[in-house]
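Q: Fold the following for me, if possible:
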Amino acid sequence: MSSVGASCPNCGAAIVFRWAQAVQATCDYCRSVLVRHDVALERVGESAIVPLTPSPLQLGTEGTWRGAGFTVIGRLVYAWERGGWSEWHLRLDRDESAWLSDAQAEYVVTSQVTPEAALPGAHGVAPGLALLHRHVRYEVTTVTRAQYVGTEGELPFASWDRAEVTFADLRSATGGFATIDYSEEPPLLFTGEAVELSQLALRNLRTFEGW
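A: Numbers count the residues shown, from 1 in each chain. Next up, the predicted model:
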């Protein structure tokens, strides 16, 4: 797929969108957070420098999930009372989007789906609550209220004005995984599975020399 190019309105650096549907990008040079309006870019803020982690993933890492190749093109970083985690944005070869959650060497890949019924509200969701989706019964295992730390790369939505986000993680009896994301109204539903990195045939991983 061909990429889409533009210039950072703050420093003039080249901004290359590797996914045509990306809405937000972070300039690698000045850390400006840029929101896309058709072909124009608007600077809406500045992202904090995201912390280094022991994760081998990075922007540009490539791999395969469920038969589709992917490239890591973005990252969201969250913190909560027990630590932090990264949500890596994946551009799939079939021009779709997915997410690779990276939390203390535990990995989950999910993609957004359309809920079959109204999702529970953020104030009513709690461990033990059940959700049926495509004939699979999921049960809420944890509810996390996290602080938005920063971003890099390309995202399918604007995230620059977030402060705190609530997530509900769910599991099925067959090993399926789901997340309800309360950053929007109505909330978003993502489904997928826990994975080992060895299953993803990853390439272009981060090296740790000099840490």
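
Q: Residue 153 touches residue 74, doesn't it?
A: Yes. Using CB atoms under 8 Å, residue 153 makes contact with residue 74 at a distance of 3.5 Å. To be clear about C-beta, it is placed using only N, CA and C from the backbone, and glycine gets the same treatment.

Q: who touches both of these two?
A: By CB atoms under 8 Å, 6 or more residues apart in numbering, residue 153 and residue 74 have these common neighbours: 25, 59, 89.

Q: how far out from the middle of the chain is the helix or strand hosting the first one?
A: In other words, residue 25. In this structure, residue 25 sits in strand 24-26 according to DSSP states H and E. For strand 24-26, the gap between its own C-alpha mean and the chain's C-alpha mean amounts to 13 Å (CA atoms, centre = their mean, to the nearest Å).

Q: packing partners for it?
A: strand 32-37, strand 136-155 (3 or more CB pairs under 8 Å, 6 or more residues apart in numbering; DSSP states H and E).

Q: buried ones in the longest one?
A: To tie it back to what came earlier, the one meant is strand 136-155. Judged by neighbour count using 16 or more other CB atoms under 10 Å, the buried positions of strand 136-155 are 138, 140, 143-144, 146, 148-155.

Q: repeat for stretch 164-184
A: Neighbour count says stretch 164-184 has 165-172, 176-183 buried, by 16+ other CB under 10 Å.

Q: between the residues you listed, which is nearest residue 196?
A: residue 177 (13.6 Å; CB to CB).

Q: Quick check: neighbours of the host helix or strand of that closest one in the sheet, parallel or antiparallel?
A: Using DSSP H and E, residue 177 sits within strand 176-181. With DSSP bridges as the test, strand 176-181 is paired with strand 164-172 (antiparallel), strand 188-195 (antiparallel).

Q: for it, what is the average pLDDT?
A: Mean per-residue pLDDT for strand 176-181: 97.

Q: tell me which residues form a beta bridge with the residue nearest the centre of the chain?
A: By CA atoms, centre = their mean, the chain has its centre lying nearest to residue 87, at 3.7 Å. Beta bridges link residue 87 to residue 76, residue 101, judged by DSSP bridges.

Q: Please tell me how far it sits from residue 65.
A: Between residue 87 and residue 65 the computed distance is 15 Å (CB to CB, to the nearest Å).
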